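Asker: fold the following and give me the result.
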Amino acid sequence: MLNVEQHNKFSNIWRNIVFCFVLSLFVVAGFLFSKYKSLEAVSVVEVEQIKQSDDLIQQGAGDVIVSKPTVNLKLPELVAQLPQPQQYTADRVIVKDVETGIVLYAKDAYKEWPLASMTKLMTAIVLREKPVDMGELATVVDQDLIGTHMYAGDVYSRDELWKAMLIGSINEAAVTLVQDIWGSQEAFVKRMNEKSLELGMIDTAFFEPTGLDSRNVSTPSDVAILLSEALSDEVIAKTLQTQELDLFSKQREKKNHIWNTNWILLGWIPSQIEIVAGKTGFINQSLYNFTGRFKGDDGRLVDVVIMGADTHEARFTEARDIVADSLDAYTWPQ
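Answerer: Numbering: from 1, shown residues only. Sure, this is the predicted structure:
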């Protein structure tokens, strides 16, 4: 048994242990309370920051968007029946409202077809990426190309070659410009395909810059994008709007007069709707292609793509007629 002294010593030890335990509880409780107050203070700051952010949003400070942007596009409404697809000889057709991007008419508009010389729209776009002196002279390349008016060894300014390429759709002019400015047709074609993807033309492929290769393919939907991009460049648009061109070869001492291949622009195909600009294309595999921009009486712009029409004239008359029918079949809210 413990004596009194031992008993008192044992009791003092336990009292000290209990006292330390209770003191520890108070310390822990105090620490937790201080942390809580700190968190509470932080929360108050965060809430205040959120309120300030809300105030900034309301005031439009910095790059904060105050409200959703208001879109006032006036979408066209179909109010009359459109022609049946079999009414047109073209295999592929699309008509688009330029302002809204709405497709007004389509016939197999997302199926591939050989581009032919509509390829030269992309050729022009990529050539424009390199600023050069268009007054410098270049010698027509010696390649076995189908074409007229130009012959290997002829010397013209780059500007003359540029106009010949887009106005008369002359293949030798296109290849000569590519070789002269880029130095490599392979690098140029690679850039053509890169540019296609950048524009969202995912169903388009290029193998050379003239359109003579039937592997150059696209869809009416993609060609409409191509036309829009080309006409956004004032230099390309102005050239496509030029009706004729005189070329003089000093080497052969011969002058050639070149007409624009767009017969609507020349007035050889009558049209009540104004043509802004366009580009033709033909090889045996594609038949007759045409893409153009028209302007209605109210100033409304409409793009059309015709691919695979049966005859030279049909590509123009069908483009004209389907644009007219589309404008008549739709109304645009005032």
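Asker: state the mean pLDDT of stretch 236-244.
Answerer: Stretch 236-244 comes out with an average pLDDT of 98.
Asker: so how far is it off the chain centroid?
Answerer: 21 Å (C-alpha atoms, centre = their mean, to the nearest Å).
Asker: now do the same end-to-end measure for that stretch.
Answerer: Terminal residues of stretch 236-244 lie 15 Å apart, using C-alpha to C-alpha, to the nearest Å.
Asker: and the contacts of it?
Answerer: 121, 124-125, 128, 162-163, 166-167, 230-231, 257-260, 262, 265-266, 276-279 (C-beta atoms under 8 Å, 6 or more residues apart in numbering). No exception for glycine: its C-beta is placed from N, CA and C like everyone else's.
Asker: any of those buried? List them.
Answerer: Neighbour counting with 16 or more other C-beta atoms under 10 Å marks 121, 124-125, 162-163, 166-167, 230-231, 258, 260, 262, 265, 276-279 as buried within the contacts of stretch 236-244.
Asker: go through the residues you listed and flag which are in strands.
Answerer: Judged by DSSP state E, the buried ones among the contacts of stretch 236-244 include 258, 276-279 as members of strands.
Asker: I'd like the residues you listed written out as TSV, with distance to residue 238 and pLDDT added.
Answerer: Output for these, formatted as TSV (distance: C-beta to C-beta, whole Å; pLDDT from 0 to 100):
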residue	distance to residue 238	pLDDT
258	16	95
276	11	98
277	9	98
278	14	98
279	14	98
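Asker: mind putting the residues you listed in CSV, distance to residue 306 included?
Answerer: Converted to CSV, these look like this (distance: C-beta to C-beta, whole Å):
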residue, distance to residue 306
258, 23
276, 16
277, 15
278, 10
279, 11
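Asker: from these, which is closest to residue 304?
Answerer: residue 278 (8.5 Å; C-beta to C-beta).
Asker: the closest one and residue 159: what is the separation?
Answerer: Per C-beta to C-beta, to the nearest Å, residue 278 is found 21 Å from residue 159.
Asker: now swap in residue 334 and tell me
Answerer: Distance of residue 334 to residue 159, given as C-beta to C-beta: 44 Å.
Asker: again, but for residue 188
Answerer: 19 Å.
Asker: more crowded one of those two?
Answerer: Neighbours around residue 188 and residue 159, counted as other C-beta atoms under 10 Å, are more numerous at residue 188. The numbers are 22 against 13.
Asker: which one is that one nearest to, not counting chain neighbours?
Answerer: Nearest non-adjacent residue to residue 188, counting by C-beta to C-beta, 6 or more residues apart in numbering: residue 182, 4.4 Å away.
Asker: that neighbour contacts residue 130, doesn't it?
Answerer: Yes. Using C-beta atoms under 8 Å, residue 182 is in contact with residue 130, at 7.2 Å.
Asker: let me see the contact set for the residue nearest the centre of the chain.
Answerer: In the chain, the centroid-proximal residue (C-alpha atoms, centre = their mean) is residue 199; its distance is 3.2 Å. By C-beta under 8 Å, 6+ apart, the contact set of residue 199 is 225-226, 229.
Asker: and if we set it to 6 Å?
Answerer: Shown in contact with residue 199 (C-beta atoms under 6 Å, 6 or more residues apart in numbering): 225, 229.
Asker: burial check on the closest residue to residue 259 other than its chain neighbours, number of neighbours?
Answerer: Nearest residue to residue 259, sequence neighbours excluded (C-beta to C-beta, 6+ apart): residue 244, at 5.3 Å. Residue 244 has 12 neighbours, counted by other C-beta under 10 Å.
Asker: repeat for residue 200
Answerer: For residue 200, the count of nearby residues is 11 (other C-beta under 10 Å).
Asker: that one in helix, strand or coil?
Answerer: Here residue 200 is coil, with the state taken from DSSP: H, G, I helix; E, B strand; the rest coil.
Asker: out of the ones in strands among the buried ones among the contacts of stretch 236-244, the closest to residue 78 would be?
Answerer: Nearest member of these to residue 78, counting by C-beta to C-beta, is residue 276, at 23.9 Å.
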